[in-house]
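Visitor: Here you go, sequence then predicted model.
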Amino acid sequence: MKEKKLTRRDFMSAAAGVAAFTIVPRSVLGGAGQTPPSEKINIAGVGIGGQGGSDLRSLENQSNIVALCDVDWRHASGCFKRYPNAKQYKDFREMLDKEDKNIDGVVVGTPDHLHAPVSIAAMKRGKHVYCEKPLTHTVREARMMAEVAREHKVATQMGNQGQAGEEVRLLCETIWDGAIGQVREVHVWTDRPLNGINKVYWPQGVDKPKGEDPVPESLNWDLWIGPAPMRPYVKTVYNPFVWRGWWDFGTGALGDIGCHSLDPVFRVLKLGHPTSVQACCTLVNDETYPVASRVTYEFPARGDLAPVTLHWYDGGMKPPRPPELEDGRKWDTNGALYIGDKGKMLGGRLIPETKQKEYGKPPKKLERSPGHYMEWVIACKGGKPAGSNFPDHAGLLAQVVLLGNIAIRPALKDKLLGTKLLWDAKEFKFTNMPEANKYLTKEYREGWAL
């Protein structure tokens, strides 16, 4: 199935259009503790007021939605109405306790700081997990998610829907065909947290607000804060959605978009851990991510593949316009530029366009995906692991993405910002800046430690 290019709505529609399997009784086809291949799986959703609810809609034809959990029942009311027979909870721990025997898998759509607590608790109970990007809040959590998934042998998938698309496969086949030679440099950029000039998706570069507002009756603020340090509730400042720019809750523009737009780079260039990460950015503070930043990763050679330098830009910053791009052709605010020994690719196409027309299409060598969500359903039923499963792919990708945020930590700005941090993945530490290692993890509020 061909999925459209990098819009979440298109991913949802494509996945939702996959035909449903025939349903037969669990007792007929399923062994003890196993979900039969031809039966729908029972799913619970945690954090279902926003993207988590969209994930459930994309899975509803292949599953039974049996339980729903959200700390803000007003925000989640639309999802509750859509699945009136599902049990309703505010605390995911209570839900897992009471619905343990009824749940096969859990969809996690909470803010970033709660991804690991919810997902790890579910996986330790043997539940399959679909977790939204960027998978976790810290590098350590991302490694833990991969380890726990592997240990408990559960099916997992991260919510970077584009990984299942046709465009990623064509990119891989083109570059592996030698169309631009050895790739030694890649530039990837996004306008987030901005959208053009006048609109801001969520605030960054702002300080903590003063005062506090009454907590709405529909919201359990203590559960929303979760493992983060407690702070007063202030209306419209943290929830919903705008938590992304706050250090305590989100992962900024790099965390939000990086696991989408860097995923193809990892696949086509077969990247592992970098040897270094370095960053520069606009003014930083202790509360929110900077308005704009640039992060540079260096990766070593991999077999016969050359070393690669990967440049990330956010907040509207971009690399220089390549001379191969024709005059008058749009230089988009979101994109990826691959620079090889023999040519360049922009937006999945050779530039200039005359080269793409001359080249045509690469030999078709990769298996196509049945759809991002369908991959997870198939894995839950004992089939092939999903394309962005935690142990084999998503755990690594999330770790590398989040290393970039450490390079812009405000607490170390006088000494660290701009310093090339040398990364030893095997020892799980920065070797030349020990004080940066504390940001690989974080302190958890009492009662929330993993």
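Guide: Yes, it's here. Only a predicted model underlies this, so the values are computations on that prediction, with no experimental measurement involved.
Visitor: drop to CA atoms for contacts and neighbour counts, all remaining ones
Guide: Will do.
Visitor: Quick check, pLDDT for the closest residue in space to residue 349 that isn't next to it in sequence.
Guide: Once flanking residues are discounted, residue 349 sits nearest to residue 356: 6.2 Å by CA to CA, 6 or more residues apart in numbering. With respect to pLDDT, residue 356 has a value of 97.
Visitor: now do residue 417
Guide: pLDDT recorded at residue 417 is 70.
Visitor: same question, the one 3 residues further on
Guide: The predicted local confidence for residue 420 comes out at a pLDDT of 93.
Visitor: quick one: contacts for it?
Guide: 276-279 (CA atoms under 8 Å, 6 or more residues apart in numbering).
Visitor: how close does the residue nearest to residue 242 when sequence neighbours are not counted sit to residue 109?
Guide: Distances taken as CA to CA, 6+ apart place residue 202 nearest to residue 242, at 4.9 Å, with adjacent residues excluded. As judged by CA to CA, to the nearest Å, residue 202 and residue 109 stand 18 Å apart.
Visitor: returning to that earlier point: which of the contacts of residue 420 fall in helices?
Guide: Among the contacts of residue 420, no member falls in helices (criterion: DSSP state H).
Visitor: from memory residue 417 sits against residue 405, does it?
Guide: No. Counting by CA atoms under 8 Å, residue 417 stays clear of residue 405, with 10.7 Å between them.
Visitor: Who has more neighbours out of those two?
Guide: Comparing residue 417 with residue 405 by other CA atoms under 10 Å, the one with more neighbours is residue 405, at 25 against 19.
Visitor: what's the domain layout of this structure?
Guide: Domain assignment for the chain, taken from automatic domain parsing, gives 8-161+374-394, 164-367+397-440.
Visitor: What are the buried residues along stretch 340-354?
Guide: 340, 343-346, 348-352 (16 or more other CA atoms under 10 Å).
Visitor: Can you pull the poorly scored residue ranges out of the protein?
Guide: 1-38, 196-198, 410-416 (pLDDT under 70).
Visitor: And the residue nearest the centre of it?
Guide: Taking CA atoms, centre = their mean as the criterion, residue 133 is the residue nearest the geometric centre of the chain, at 2.0 Å.
Visitor: Chain neighbours aside, what residue packs nearest to that one?
Guide: residue 159 (5.1 Å).
Visitor: What of residue 115?
Guide: Once flanking residues are discounted, residue 115 sits nearest to residue 136: 5.5 Å by CA to CA, 6+ apart.
Visitor: and what of residue 346?
Guide: Residue 346 sits nearest to residue 337 (CA to CA, 6+ apart), 4.7 Å away.
Visitor: contacting residues around the one you found?
Guide: With contact set as CA under 8 Å, 6+ apart, residue 337 has these partners: 186-188, 344-347.
Visitor: now with 7 Å?
Guide: 186-188, 345-346 (CA atoms under 7 Å, 6 or more residues apart in numbering).
Visitor: Now flag whichever of these is closest to residue 48.
Guide: residue 188 (30.2 Å; CA to CA).
Visitor: Report how many residues lie close to that closest one.
Guide: 22.
Visitor: Okay, and it sits in which element?
Guide: According to DSSP states H and E, residue 188 maps onto strand 183-189.
Visitor: Each with direction, which strands does that strand pair with?
Guide: In the sheet, strand 183-189 lines up against strand 308-313 (parallel), strand 335-340 (antiparallel) (DSSP bridges).
Visitor: related to what we said a few turns ago, isn't the residue nearest to residue 133 up against residue 129?
Guide: No. Contact between residue 159 and residue 129 fails when scored by CA atoms under 7 Å: they sit 10.6 Å apart.
Visitor: Of the two, which one has the most company?
Guide: Comparing residue 159 with residue 129 by other CA under 10 Å, the one with more neighbours is residue 129, at 29 against 26.
Visitor: Could you report the separation of the more buried one from residue 348?
Guide: Distance from residue 129 to residue 348, by CA to CA: 31 Å.
Visitor: ok so, going back, is there a neighbour count for the residue nearest to residue 115? I'd like the number.
Guide: For residue 136, using other CA under 10 Å, the count is 29.
Visitor: Hmm, it is touching residue 112, no?
Guide: Yes. Counting by CA under 7 Å, residue 112 is a contact partner of residue 136 at 5.8 Å.
Visitor: who's in contact with residue 107?
Guide: 44-46, 52, 129-131.
Visitor: could you dump those residues to JSON lines with secondary structure and distance to residue 71?
Guide: Shown next, in JSON lines, are the contacts of residue 107 (DSSP: H, G, I helix; E, B strand; the rest coil; distance: CA to CA, whole Å):
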{"residue": "44", "secondary structure": "strand", "distance to residue 71": "14"}
{"residue": "45", "secondary structure": "strand", "distance to residue 71": "12"}
{"residue": "46", "secondary structure": "strand", "distance to residue 71": "9"}
{"residue": "52", "secondary structure": "helix", "distance to residue 71": "13"}
{"residue": "129", "secondary structure": "strand", "distance to residue 71": "19"}
{"residue": "130", "secondary structure": "strand", "distance to residue 71": "19"}
{"residue": "131", "secondary structure": "strand", "distance to residue 71": "17"}
